[in-house]
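**Q** Quick one, structure for this:
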Amino acid sequence: MTGILAKMNHGMLEREEVLALSLLSAVAGESIFLLGLPGVGKSMVARRLKSAFKGARSFEYLMSRFSTPDEIFGPVSITKLKEEDTYERITAGYLPEADVVFLDELWKAGPAIQNSLLTVLNEKIYLNGNHTMQLPIKGIIAASNELPAQGEGLEALWDRFILRYVVEPIVEQSNFQSLLCPSPQTALIFDSEPFDQQELEQISKEIEAVDVPAPVIEIICNIRQRMYEKMKEQEQEAPGTSMPQDNKQLYYISDRRWKKAVNIMRASACLNGRNEVNYSDLLLLVHMLWNEEGQVQELVEIVCKEVLACLFRGILKQKKSVNRHAVRMSPKPSLYILDGMFYEVLCDGYALKIHIADYETLLESGTVMYASETIDDCLLVRPKGSFTVQVKEEGKIIINNCSYELRTTFDPQITIKQLNSLGTNLEDIFSNLLKSLDSNLFIGKERFMLNLRNTYSYYDAKLNQGR
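**A** Residues are numbered from 1 along each chain as shown. From the prediction side, this is the model:
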């Protein structure tokens, strides 16, 4: 995989991220839209993507308002029309038989072309006369120097492009100088062969088997809620309303887009050699949820905040619990903390463990939940289990309507040691996140670093309050 990306990037300047994302979208069976001014290399991305697939055929077309379906899908077969009275196109050399497709200035195409593209993008099929063609398309890249105009019914087509990327002109001075006066390119030998069809089919099966852990689902749900709240805020800003309907849907993300976004993250995990989605894959949402260019930075902030909030939530609850009991050290005994993670429950003379976070949840909510005794004598508190648990009074826990006290001890060194270790744990968690970003082939870490560090500093300060 790294060899294929190296080959695609050979001789390119500041295009690593967009090339990686175009390959990711193709392997995942999705499409990508590139927004950028003329001359920034959008068409070159499609040509480099072709090199990733063995024997790939490409189709490129620059759209205009005068473009006809014949120019995209092939001319009508006169023979078929005369002899069989069938309206069928000759597709050889046109989009229906291409592996990699590049459609420039897509929004200028007429309705006949755009309507046919809806099924091409979503299902990879094309209705040609009386039969349906299953298309061999692996990657579809569309490009424009503008977003779809409002009020022209382009929302469905726009929604089909799962990945969206803004291609900027070259930024670094040294790279710009290399563009003006390039050094002679030497031929490089790459170890990796392009993907063949059999490999792609195997990867597709592996992508389906990639697990999406519960914390990742939780973060996605939180981001979705944030987007919903943003949409409601925007509607309230212009009650009445003089705001165009498309503007009202600026933060609307369809269920189809959410589902396909998870598929992209699965593909990222698979191509990075993992069998489950991790926190670094979540940053790809920044390229999948925006509807206007100005939202990209806003999404960087939202996604970074939700990822770190989930990562640090457990340790912050732990800190809250330690602080609560640290102030009661003398002379009253504090609750016994086992390894700083669990309380001990003396149940009929038998010691069980309950996670501090679970105990705090029960204490604050007062609701009845279920639990099951699991490995290492630990009570696993979940919505379903073998017996009921509840906390009505601090220091006691009710199991199947019988009250049991938590074990107590007078050892201030336990809580002091735990408080001193929390900061290190927080730093380790953040460090591990950065390492996962470094190893992710599809993440341009520079885009996220400022927000990640600012959010980390916020939680670090919050954690250190009162220490």
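
**Q** Any figure for the gap between Gly395 and Tyr343?
**A** 9 Å (Cβ to Cβ, to the nearest Å). Every C-beta, even on glycine, is put in place using the N, C-alpha and C of the backbone.

**Q** got any ranges where the protein has weak pLDDT?
**A** For the chain, the stretches flagged by pLDDT under 70 are 185-191, 236-248, 314, 316-340, 348-349, 374-376, 408-425, 464-467.

**Q** residue with max distance from the center of it?
**A** For the chain, the residue at maximal distance from the C-alpha centroid (Cα atoms, centre = their mean) is Glu83, at 51.9 Å.

**Q** contacting residues around that residue?
**A** With contact set as Cβ atoms under 8 Å, 6 or more residues apart in numbering, Glu83 has no partners.

**Q** Pro383 touches Ser372, doesn't it?
**A** No - contact criterion Cβ atoms under 8 Å: Pro383 and Ser372 do not qualify, at 11.3 Å.

**Q** Please identify which of those two sits among more neighbours.
**A** Ser372 (14 against 6; other Cβ atoms under 10 Å).

**Q** Report whether that one is found in a helix, as I expect.
**A** No - per DSSP: H, G, I helix; E, B strand; the rest coil, Ser372 lies outside any helix segment and is strand.

**Q** Please report how far it lies from Phe387.
**A** 7 Å.

**Q** picking up where we left off before, quick one, which of Gly395 and Tyr343 is more surrounded?
**A** Neighbour count, other Cβ under 10 Å: between Gly395 and Tyr343, Tyr343 has more, with 24 against 15.

**Q** ok, that one touching Glu405?
**A** No - taking contacts as Cβ under 8 Å, Tyr343 lies outside contact range of Glu405: 10.5 Å.

**Q** quick one, what contacts the nearest residue to Glu193 once chain neighbours are set aside?
**A** Distances taken as Cβ to Cβ, 6 or more residues apart in numbering place Lys54 nearest to Glu193, at 7.0 Å, with adjacent residues excluded. When contacts are counted by Cβ under 8 Å, 6+ apart, Lys54 touches 193-197.

**Q** Tell me where the stretch 351-467 of the chain has strands.
**A** 369-374, 378-382, 387-390, 396-399, 402-405, 408-409 (DSSP state E, counting those that start in this stretch).

**Q** Is it possible to get CSV of the ones you listed that adds distance to Ser204?
**A** Listed next are those as CSV, based on distance: least, Cβ to Cβ, whole Å:
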stretch, distance to Ser204
strand 369-374, 36
strand 378-382, 34
strand 387-390, 44
strand 396-399, 48
strand 402-405, 52
strand 408-409, 56
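
**Q** I'd like to know which of the ones you listed is closest to Ile315.
**A** With Cβ to Cβ, the closest approach to Ile315 among the strands of the stretch 351-467 of the chain belongs to strand 378-382: 18.5 Å.

**Q** So which elements touch the closest one?
**A** strand 350-355, helix 356-365, strand 369-374 (3 or more Cβ pairs under 8 Å, 6 or more residues apart in numbering; DSSP states H and E).

**Q** how far does the longest one sit from the chain's center?
**A** Right, helix 356-365. Centroid separation for helix 356-365 versus its chain: 31 Å, with Cα atoms, centre = their mean, to the nearest Å.

**Q** and the angle for it with strand 350-355?
**A** For helix 356-365 against strand 350-355, the angle by axes from the mean of the first three to the mean of the last three Cα atoms, to 10 degrees is 80 degrees.

**Q** Repeat that for the last one.
**A** Between the direction of strand 369-374 and that of strand 350-355, the angle (the same axes, to 10 degrees) works out to 120 degrees.

**Q** Using PDB, write out every CA atom in strand 369-374.
**A** Only the C-alpha atoms of strand 369-374 are listed here, as PDB (Å, rounded to 0.1, in the frame of the first residue of the first chain):
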ATOM      1  CA  MET A 369     -29.400  -1.100  36.400                       C
ATOM      2  CA  TYR A 370     -28.200  -4.600  35.800                       C
ATOM      3  CA  ALA A 371     -24.900  -6.200  36.400                       C
ATOM      4  CA  SER A 372     -23.100  -9.500  36.000                       C
ATOM      5  CA  GLU A 373     -20.100 -10.900  37.800                       C
ATOM      6  CA  THR A 374     -17.300 -11.200  35.300                       C
END
